[in-house]
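Peer 1: this one's structure only:
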Ligand SMILES: COc1ccc2c(c1)c(CC(=O)NCCNS(=O)(=O)c1cccc3c(N(C)C)cccc13)c(C)n2C(=O)c1ccc(Cl)cc1
Ligand code: HEM
């Protein structure tokens, strides 16, 4: 048996088979650990580890009411705040392998892991092929039937809202933003991607130059728009021939030419596309005032850089700030990294893609200015945004609760996606949930009850997996107990946050050579980037009184959601199995 199947190497040591069958070594080179399994820290590492607070306690400090006075001081004293932000950026980035060691099409280190952009990178190598069980050595000979898993733990009976009060405006922001760098070519192979490897605003401008040219007016740097119902909107698909995915039967006045073939899927995506295109054109007008001599191409390219900068600013200071709910202000300040060891390169990791499958955030119907629209009447109906107007649409999405990213909360239309995701993880032979926890300095769970924080689902999970070390990554994410009424469990945060921070701060525009006024058309353009907010993005591009624009619904009741502990879980009757 391949001894690497039991993952004997600790602390990021690489398991390497020896010549004799059954022999192996752990490669601990360049690690702060040594020993047969890289288990022994060097002296100074031991000291540092002794002082290092656990992720649980870091989180506890960051959200504790009675430390608010401390964070207020940190937020207001520049050198303290810069230090804290630098700690966030560096501590998140150092957890990751940059450049990545693995790519999805090889089980071992390759140079193409860095250079091949048509496949995702991967964070942990796959479970070796010749192992006793699908998860290595732990658990049963076969993994649980995926349909049984979905039915037992994930089907939504009753919508449960996010206890942090997230709005559906946040949900659509997440989907619109992430579809810029998560574009899996399922037909090619499970690890193939047709996206770039970072924040490249292709979700606004199209995924290649051909589509980009179809979206451009070639006048004053602007994108082509049309006026409908007294507002500016993208062109119809019939007028700008970008490839769009629509099912048959969608009326012509609901088929628009957008930056991503799937963005016709939901009106919320169409709303963001519309607002971002308006913002690009607004910025081009400002650039033309500053540089009357600039041609269309220079106005367009600089407008695109400013829009990219605004995207990162809003993602960090509005979106992540909301998700984290820390008392310390998470800020976008590339300059705090200047002079520190930081690599401005990034590759999208396939595990990050799975972590970002936040389908439980989707409700089953939408309240648009008092009209309740069922999901099946909402999907592919971009015309609803034209009919109700962007102000009413934004206001309604800001007032509607997003779902809890937890068990028993996948709406009917997303169940097949959940099923695909679990199967996709099996195709890629993802290691177990606990192995990923260990990789991100989190203590593996020693029991099913510790994982779920209750007993009934834990018992059913035990019956299906046999060993807590055999629970699959995405299944574990969704079933994991939550921190005090949080949207996510600790694993999705401490695993996803490094990919998120790295993906944002390693963007070329954050490097010292880019991060200056001349890149963005001068001080005025640079200021647009440095002062961008979600509120201004919408209010600068919606005529008349600005609607409510918020990632958190107004006056929500803190913690009004059933946690797993008091959820009345009933396993499906045995005979159905
Ligand atoms: C809680 O809910 C959340 C939820 C989502 C979150 C975050 C927090 C965070 C912040 C973070 O990274 N949370 C880790 C510990 N905190 S920390 O930043 O590492 C840190 C470490 C050390 C010292 C710190 C410090 N000091 C020095 C005072 C202040 C503030 C933070 C400090 C990021 C980026 N998210 C994402 O974008 C994200 C996007 C997609 C996925 Cl799927 C998952 C996450
Ligand atoms: C009604 C709402 C939604 C529907 C119907 C939907 C449907 C889908 C479908 C059909 C896929 C293709 C993968 C597959 O077939 O398994 C997919 C992928 C994905 N979805 Fe959703 N989705 C919805 C909402 C969301 C939201 C709110 C997020 C939030 C982040 C999200 C994140 C993702 C991600 C990251 C992928 C992977 C994309 C890729 O790798 O190409 N989805 N979704």
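Peer 2: The structure has been received and is ready for your questions. Since we're looking at a predicted model, the values are computed, not measured. Ligands and ions are numbered 1, 2, ... in the order given.
Peer 1: For residue 410, the count of nearby residues, please.
Peer 2: Residues near residue 410, counting by other CB atoms under 10 Å, number 24. Every residue, glycine included, has its C-beta placed from N, CA and C.
Peer 1: ok, what's across the strand from it?
Peer 2: Beta bridges link residue 410 to residue 155, judged by DSSP bridges.
Peer 1: Can you name the residue of this protein nearest to ligand 1?
Peer 2: Nearest residue of the chain to ligand 1 (CB to the nearest ligand atom) works out as residue 496 at 2.3 Å.
Peer 1: helix, strand or coil for that residue?
Peer 2: Following DSSP: H, G, I helix; E, B strand; the rest coil, the label given to residue 496 is helix.
Peer 1: Got the confidence number for it?
Peer 2: Predicted confidence (pLDDT) at residue 496: the value is 98.
Peer 1: Please apply the same query to residue 575.
Peer 2: Listed pLDDT for residue 575 reads 63.
Peer 1: ok now do the residue of the chain closest to ligand 1, which residues does it touch?
Peer 2: Listed by CB atoms under 8 Å, 6 or more residues apart in numbering, the contact set of residue 496 reads 352, 355-356, 488.
Peer 1: isn't residue 445 right up against residue 436?
Peer 2: No: with contact defined as CB atoms under 8 Å, residue 445 and residue 436 do not form a contacting pair (11.5 Å).
Peer 1: low-confidence ranges in the protein?
Peer 2: Applying pLDDT under 70 to the chain flags the ranges 558-560, 574-577.
Peer 1: longest helix in it, by residue count?
Peer 2: Counting by DSSP state H, the longest helix found in the chain is helix 267-290.
Peer 1: Could you check the angle the very next helix or strand once past that one makes with helix 267-290?
Peer 2: Next helix or strand after helix 267-290 toward the C-terminus (DSSP states H and E): helix 296-314. Interaxial angle of helix 296-314 relative to helix 267-290 (axes from the mean of the first three to the mean of the last three CA atoms, to 10 degrees): 120 degrees.
Peer 1: Begin at 330, not 1, for the rest of this chat.
Peer 2: Okay, using 330 as the starting number, the last item reads as helix 625-643.
Peer 1: Quick check: buried residues in helix 625-643?
Peer 2: Judged by neighbour count using 16 or more other CB atoms under 10 Å, the buried positions of helix 625-643 are 625, 628-629, 631-643.
Peer 1: what's in contact with that helix?
Peer 2: Here helix 625-643 makes contact (CB under 8 Å, 6+ apart) with 506, 528-530, 533-534, 545, 547-551, 605, 608-610, 612-613, 616-617, 620, 623, 661, 833, 836, 838-839, 848-850, 854, 857-859, 861-863, 866.
Peer 1: that older thread, out of the buried residues of helix 625-643, who's near ligand 1?
Peer 2: Restricting the buried residues of helix 625-643 to those touching ligand 1 (CB under 6 Å from any ligand atom) yields no residues.
Peer 1: Sort out which one of the residues you listed lies nearest residue 490 for me.
Peer 2: Of all the buried residues of helix 625-643, residue 643 has the smallest distance to residue 490: 23.6 Å, by CB to CB.
Peer 1: can you pull out the helices in the stretch 630-779 of the chain?
Peer 2: 650-653, 679-684, 704-707, 712-717, 719-728, 744-756, 762-768, 777-781 (DSSP state H, counting those that start in this stretch).
Peer 1: picking up where we left off before, between residue 774 and residue 765, who's got more neighbours?
Peer 2: Using other CB under 10 Å, the more surrounded residue of residue 774 and residue 765 is residue 765, with 23 against 20.
Peer 1: could you list every residue that touches the more buried one?
Peer 2: Counting by CB under 8 Å, 6+ apart, residue 765 touches 452-453, 680, 759, 802, 820, 824.
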